[in-house]
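# I need the structure of the sequence given here:
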Amino acid sequence: MSGTPEVQTFEDVLNVSPIILTEKRKAKSPAQRQAKYRKAHKDRVADSKAQYRKRNKSKIAECKTEYYKNNQDKIKKYLHENKAKIAERAATYNAIYRQNNKEKIAADQAVYYKANKERIAARKSEYRQANKERIKIREAEYSKAHPEANRENSHRRRALRRNVEVEKFKDVEIFKRDNWTCKICHKKVNGRLKYPNPLSRSLDHIIPISKGGTHTKDNVQCAHYLCNCKKGNGTVEGGEQLLMFG
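Numbers count the residues shown, from 1 in each chain. Have a look, this model is predicted:
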């Protein structure tokens, strides 16, 4: 009867189905399918990889060693040809890792330092002995380029030499606390002026370090560079500061 659809036999279906399936699979390559899966299951894939690495540490290490042993020339050639690309990729990865793991890195460094205090001190001493001139030049260049930072470090060094209490803080914290006002002359300090401008900012120790004063927040205050220089290592009874210029 015309208009009646032709009925396929079971054999016809078996013969056609593989072709249809193959054509559908050709639409996406295995690499594309894998990429799609990884994108849709990022956390699952990452977790699976982590578990595999944890279970097979020794095996992975052996494979890496074996591969490096058999492909040294190939690896060296790749590293040489892609030096800039590798450095850029490593810098990006390290920056992201440091940003996302600040507390972990700080904790790890503290643990390492505590466990290797003597070793680190010996290594630093050895380096300083072997590179005296290089360090001297580098420090001079840094001091010239960063006079404010150099003055901050100078305060801490003097306090440590005098064996008085030292608190870790930035000078700018004190300037902000004191509302950028000189506590000696009671006039505003211009934060844009730089040392050695006489009206630039400086950190004044209320009780000078030379007289046993500490390098702590409660013993420092904002001052003009000129006011601080005129005051010198003097103090005023009752904690009041001299008025240097009116």
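# would you mind measuring from the nearest residue in space to Ile86 that is not next to it in sequence to Ile60?
What sits nearest to Ile86 in space, not counting adjacent residues and going by CB to CB, 6 or more residues apart in numbering, is Leu79, at 6.8 Å. Just so you know, the C-beta spots here come from the backbone N, C-alpha and C atoms, and that holds for glycine as well. From Leu79 across to Ile60, the span is 20 Å (CB to CB, to the nearest Å).
# so those two - more neighbours on which side?
Ile60 (13 against 10; other CB atoms under 10 Å).
# center of the chain - which residue?
Closest residue to the average C-alpha location of the chain: Arg98 at 5.4 Å, with CA atoms, centre = their mean.
# what helix or strand is the closest residue to that one other than its chain neighbours located in?
Excluding the flanking residues, the one nearest Arg98 by CB to CB, 6+ apart is Ile105, at 6.3 Å. According to DSSP states H and E, Ile105 maps onto helix 102-115.
# now swap in Leu203 and tell me
Taking DSSP H and E as the criterion, Leu203 maps to strand 201-205.
# that strand pairs with which strands?
strand 220-224 (antiparallel) (DSSP bridges).
# how far away from the center of its chain is the strand it pairs with?
Distance, stretch centre to chain centre, for strand 220-224: 30 Å (CA atoms, centre = their mean, to the nearest Å).
# just stretch 164-178 next, same as before
In terms of CA atoms, centre = their mean, the centre of stretch 164-178 is set 22 Å apart from its chain centre.
# kindly format the C-alpha coordinates of that stretch as CSV.
Output of stretch 164-178 as CSV, limited to C-alpha atoms (Å, rounded to 0.1, in the frame of the first residue of the first chain):
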residue,chain,number,x,y,z
VAL,A,164,66.3,48.7,73.9
GLU,A,165,62.8,47.5,73.0
VAL,A,166,62.1,47.6,69.3
GLU,A,167,58.6,47.4,67.9
LYS,A,168,57.9,46.7,64.2
PHE,A,169,56.0,49.5,62.5
LYS,A,170,56.2,51.8,59.5
ASP,A,171,56.9,55.5,60.0
VAL,A,172,53.9,56.4,57.9
GLU,A,173,51.7,54.7,60.5
ILE,A,174,52.9,57.3,63.1
PHE,A,175,52.5,60.2,60.7
LYS,A,176,48.9,59.2,60.0
ARG,A,177,48.2,58.6,63.7
ASP,A,178,49.5,62.2,64.4
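# what residues sit buried inside that stretch?
In terms of neighbour count (16 or more other CB atoms under 10 Å), stretch 164-178 has its buried residues at 164, 166, 169, 171, 174-175, 178.
# and if you look at stretch 132-150?
Judged by neighbour count (16+ other CB under 10 Å), stretch 132-150 contains no buried residues.
# contact partners of it?
Stretch 132-150 is contacted from outside by 128, 171, 194-196, using CB atoms under 8 Å, 6 or more residues apart in numbering.
# same question for stretch 219-235.
Where contact means CB under 8 Å, 6+ apart, the residues beyond stretch 219-235 that reach it are 174-175, 177-178, 180-185, 187, 189, 195-208, 210-211, 213, 241-242, 244-245.
# return the set of buried residues in that stretch.
219-228, 230-231, 235.
# farthest-apart pair in the residues you listed, please.
Farthest-apart pair in these is Asn219 and Leu226; separation 20.9 Å (CB to CB).
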